[in-house]
Every structure is written in structure tokens, then in C-alpha cells.
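Trainee: heads up, no residue letters with this:
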């Protein structure tokens, strides 16, 4: 009976291992980083950043890849701000950096204002509002 229980357990473990391998292979993609690529690094393990953790940037960079170490680690050229960090990171902490060019900032224009008890607040909508209709008629 003990032998049969051990065989059943071994078979179940092998089936679970094969199932998990198929799930992993279906969604996993090998990282395609090359030397010279620009990447963003996750700040998950950075302890020397100031401010509350909620308010920190999730990724910092861009940094340039200096060397690929096997297929799971990458060495990057860090800036002086991060001189205390080791320059080698796991591939899972990287995100490719895409430069989108300079995007001009658009100023939001306010079409009308309302008077709210002594202070004037900008109102980002067009058209007359209840308080302004009364003033226009007077």
C-alpha cells in the first residue's frame, strides 16, 4: 500500500510539473535586450530613494546596457545619482525604453469662470452656467 501511495504521488507531481511548464511556455517571452539598448529599471529594490514609497517612481532611467550576463542578468551604466546601487540587475526588473520625441505641452484654456462665494474659480467648460445667466440678464 505504501508503494502504491508513493507511485501515485510521483505521478501527480510529474503531471503538475508538465502542466505548469505548458502554462509558462505559453505566455513566457525571452527578453530581447542587446548591448547599447536603453532600458528603464524598476525601483522595487532601491532603498536609497527619498520620500514615501507610494509617491516614488516605479521605474527610473533610461540607462544604457553595457553587458549581458547569461540570459537572466544585465549590467547597465548607472548615473551618479545611483552610485550606491550595484550595476547588475535581473532581467525581470527591466522595461524597454521608447523615446517618443518632444511632445509640446498644451495649456488648458478656460472658457468661462464662475463666482463661488467670494473667490473666482476657473471653469473648464463652454457655455453659460446657472449663476452666469442671472448676471447676464441684470
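Mentor: Now that the structure is in, tell me what you want to look at. This structure is a prediction, so every number in the text was calculated from the model and none was measured. Numbers count the residues shown, from 1 in each chain.

Trainee: where do the helices sit along this protein?
Mentor: Assigned by DSSP state H, the chain shows helices spanning 2-27, 130-137.

Trainee: which residues touch the residue most central in space within the chain?
Mentor: The centroid of the chain falls nearest to residue 58 when counting by Cα atoms, centre = their mean (5.4 Å). When contacts are counted by Cβ atoms under 8 Å, 6 or more residues apart in numbering, residue 58 touches 42-43. Bear in mind the C-beta positions are built from the backbone N, C-alpha and C, glycine included.

Trainee: returning to what we had before: want to throw the helices of the chain into a markdown table with distance to residue 71, mean neighbour count and mean pLDDT?
Mentor: Conversion of the helices of the chain to a markdown table gives the following (distance: least, Cβ to Cβ, whole Å; neighbours: other Cβ atoms under 10 Å; pLDDT from 0 to 100):
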| stretch | distance to residue 71 | mean neighbour count | mean pLDDT |
| --- | --- | --- | --- |
| helix 2-27 | 15 | 9 | 93 |
| helix 130-137 | 64 | 9 | 54 |
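
Trainee: Go through those and name the closest to residue 82.
Mentor: Residue 82 lies closest, by Cβ to Cβ, to one member of the helices of the chain: helix 2-27, at 31.3 Å.

Trainee: picking that back up, give me the pLDDT for the residue nearest to the centre of the chain.
Mentor: As predicted, residue 58 sits at a pLDDT of 80.

Trainee: again with residue 117
Mentor: In this model, residue 117 carries a pLDDT of 53.
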